[in-house]
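Enquirer: A predicted structure for the sequence below; I have some questions about it.
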Amino acid sequence: MLIVMRQDATAEQINAVAEKIKALGFKPHAIPGSERTAIGITGNRGSVDADLFELLPGVAQAIPVSQPFKLVSAEVKPERTVVNVNGATIGGESLAVMAGPCSVESEAQILACARAAKAAGAQFLRGGAFKPRTSPYDFQGLKEEGLKLLALAREETGLKVVTEVMSPGSVDLVARYADVLQIGARNMQNFPLLEEVGDAKRPVLLKRGLSATLKELLMAAEYIASRGNYEIVLCERGIRTFETMTRNTLDLGAVIVLKQLSHLPVIVDPSHGFGLRYGVIPLARAGVAVGADGLMVEIHPEPERALSDGPQSLTLPMFQELMQQVRRVAASVGRRI
Ligand code: PEP
Ligand code: MN
């Protein structure tokens with residue numbers, strides 16, 4: 001159920017609706033819009049009686065929400081969400097670009113990536129300090145040392161830091177350094193982790209699971225929103241199909257569906273989506289062409305020496321080329337970087 005307030009509703013009237021929702025044992029979620037405020041209701045099992053609200057002062061309408069993902073659905077919020085990360089935005093006309101190495105490896109490596117990302121026009125530095133690896137014998141990340149290096153690179157360049165958090169117990173630690181908390185594909189349905197980042201006061205980048213449907217992705221986002229954190233960015237990063245020539249199959253149709261069904265920004269990760277360097281620039285162009293709100297791209301000063309995901313990492317000059325090409329596509333679809 002969504003309670004839409006009249007345009008002239010007062011703060012007291014909005015508050016009274018929220019109190020009524022709480023008195024019924026449910027949870028109110030204020031969804032401010034440029035025209036009017038709406039209040040989403042969660043925690044109910046079965047439908048809520050619209051009459052309970054429609055007669056309250058300041059209420060324009062009580063609308064049932066048909067999608068199971070309520071707070072993140074386009075039904076509850078006609079305007080698109082723009083996530084503001086300490087001044088850098090994701091969503092809206094301007095594209096958000098996140099670039100950096102798969103793993104933070106050293107001070108020299110992360111600073112080289114950060115400088116190149118900044119010079120080419122990215123607003124975010126991505127880099128893993130806690131790495132989810134298929135093999136327990138592979139490099140697992142520099143952990144807190146890696147977080148410190150990301151913070152150092154932010155200090156020098158002003159780029160906002162995006163980094164993965166893998167366990168509920170490390171959310172506090174990662175949030176001390178990160179501007180955006182990344183939930184990796186393998187953790188998309190780690191529900192205790194989703195709840196923990198839902199409680200954290202940080203924007204969340206939620207990557208689609210390797211075999212997750214779009215409904216499952218939106219329900220995972222709903223876990224985060226249901227805890228009161230609405231600063232969520234969805235990421236299409238390729239799914240597992242029968243194809244073996246590429247690491248994953250980048251599902252560009254997903255971007256279109258997600259933007260139809262949800263008000264959340266959607267970005268594309270062509271690096272994991274293809275797995276090989278030569279496909280990254282074309283798929284970055286394609287992602288922007290279908291309406292992605294931004295890109296996440298892996299770069300490395302020496303990809304052949306990378307401790308993870310070297311084959312898909314762009315060299316620093318290649319990233320500059322990507323940005324030039326993407327700028328042209330962006331302009332043709334009414335976006336800019
Ligand atoms: C990553 O961004 O480096 C990463 C591990 O991605 P994913 O979770 O999509 O595999
Ligand atoms: Mn990676």
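Expert: Right, received. Where do you want to start? Ligands and ions are numbered 1, 2, ... in the order given.
Enquirer: number of residues surrounding residue 133?
Expert: 15 (other CB atoms under 10 Å). Quick note: C-beta positions are derived from backbone N, CA and C, even for glycine.
Enquirer: the one 3 residues further on too?
Expert: As a burial measure, the neighbour count of residue 136 was computed by other CB under 10 Å and equals 6.
Enquirer: state whether it is indeed within a helix.
Expert: No - with DSSP: H, G, I helix; E, B strand; the rest coil as the criterion, residue 136 is coil rather than part of a helix.
Enquirer: next up, phi/psi of it, please.
Expert: Here is the backbone geometry of residue 136 (degrees, to the nearest 10): phi -70, psi -10.
Enquirer: any idea how far it lies from ligand 2?
Expert: To ligand 2, residue 136 is 17 Å away according to CB to the ion, to the nearest Å.
Enquirer: contacts only, for the residue in the chain positioned nearest to ligand 2.
Expert: In the chain, the residue that lies nearest ligand 2 is residue 102 (3.3 Å; CB to the ion). Taking CB atoms under 8 Å, 6 or more residues apart in numbering, we find residue 102 in contact with 127-128, 131, 271, 298, 300, 306-309, 313.
Enquirer: residues in contact with stretch 163-180?
Expert: 85-86, 88, 104, 124, 126-132, 144, 146-148, 150-151, 154, 160-162, 181-184, 187, 190, 192-193, 195-197, 200-205, 233.
Enquirer: out of the residues you listed, which are buried?
Expert: The neighbour count (16 or more other CB atoms under 10 Å) marks 85, 88, 104, 124, 126-131, 146-147, 150, 154, 160-162, 181-184, 187, 190, 193, 195-197, 200, 202-205, 233 as buried among the contacts of stretch 163-180.
Enquirer: could you list which of those belong to strands?
Expert: Mapping these onto strands (DSSP state E) picks out 85, 88, 124, 126, 160-162, 181-183, 204-205, 233.
Enquirer: and the gap between the residue of the chain most remote from its centre and residue 3?
Expert: Going by CA atoms, centre = their mean, the residue of the chain most distant from its centre is residue 55, 37.6 Å out. Here residue 55 is placed at a distance of 12 Å from residue 3 (CB to CB, to the nearest Å).
Enquirer: what's the most distant pair in the ones in strands among the buried ones among the contacts of stretch 163-180?
Expert: Within those, two members stand farthest from each other by CB to CB: 88 and 183, at 19.2 Å.
Enquirer: can you redo the ones in strands among the buried ones among the contacts of stretch 163-180 as CSV with pLDDT?
Expert: Putting those into CSV (pLDDT from 0 to 100) gives the following:
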residue, pLDDT
85, 98
88, 98
124, 98
126, 98
160, 98
161, 98
162, 98
181, 98
182, 98
183, 98
204, 98
205, 98
233, 98
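Enquirer: in CSV: those, plus distance to residue 213.
Expert: Written out in CSV, the entries for those read as follows (distance: CB to CB, whole Å):
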residue, distance to residue 213
85, 28
88, 30
124, 27
126, 25
160, 30
161, 30
162, 25
181, 23
182, 21
183, 17
204, 20
205, 19
233, 19
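Enquirer: between the residues you listed, which is closest to residue 280?
Expert: For these, the nearest to residue 280 is residue 126 (13.9 Å; CB to CB).
Enquirer: where's the closest one relative to residue 1, distance?
Expert: 38 Å.
Enquirer: also residue 144?
Expert: Separation of residue 144 from residue 1 (CB to CB): 44 Å.
Enquirer: how about the residues of the stretch 101-250 of the chain near ligand 2?
Expert: Contacts of the stretch 101-250 of the chain with ligand 2, taken as CB under 5 Å from the ion, map to residue 102.
Enquirer: enumerate the residues of the stretch 101-250 of the chain near ligand 1.
Expert: 102, 128, 132, 184-186, 207, 237 (CB under 6 Å from any ligand atom).
Enquirer: can you give me the helices for the stretch 201-337 of the chain?
Expert: Assigned by DSSP state H, counting those that start in this stretch, the stretch 201-337 of the chain shows helices spanning 214-226, 252-261, 270-274, 280-289, 316-332.
Enquirer: correction: the stretch 1-150 of the chain
Expert: 11-23, 51-54, 107-120, 144-157.
Enquirer: if you compare those, which one is most tucked away?
Expert: Mean neighbour counts were taken over those using mean count of other CB atoms under 10 Å, and the top value, a mean of 20, falls to helix 107-120.
Enquirer: pull the number of nearby residues for residue 217.
Expert: 26.
Enquirer: ok now do the closest residue to it other than its chain neighbours, which residues does it touch?
Expert: Spatial nearest neighbour of residue 217, excluding adjacent residues (CB to CB, 6 or more residues apart in numbering): residue 208 at 4.9 Å. Contacts for residue 208 (CB under 8 Å, 6+ apart) come out as 185, 188, 214, 217, 234-237, 239, 251, 254.
Enquirer: residue 266 now?
Expert: By CB under 8 Å, 6+ apart, the contact list for residue 266 reads 233-236, 254-255, 258-259, 291-293.
Enquirer: try it again with 7 Å
Expert: 234, 236, 255, 258-259, 292-293 (CB atoms under 7 Å, 6 or more residues apart in numbering).
Enquirer: need the three-state assignment for residue 174.
Expert: helix.
Enquirer: residue 207 versus that one, what's the distance?
Expert: To residue 207, residue 174 is 15 Å away according to CB to CB.
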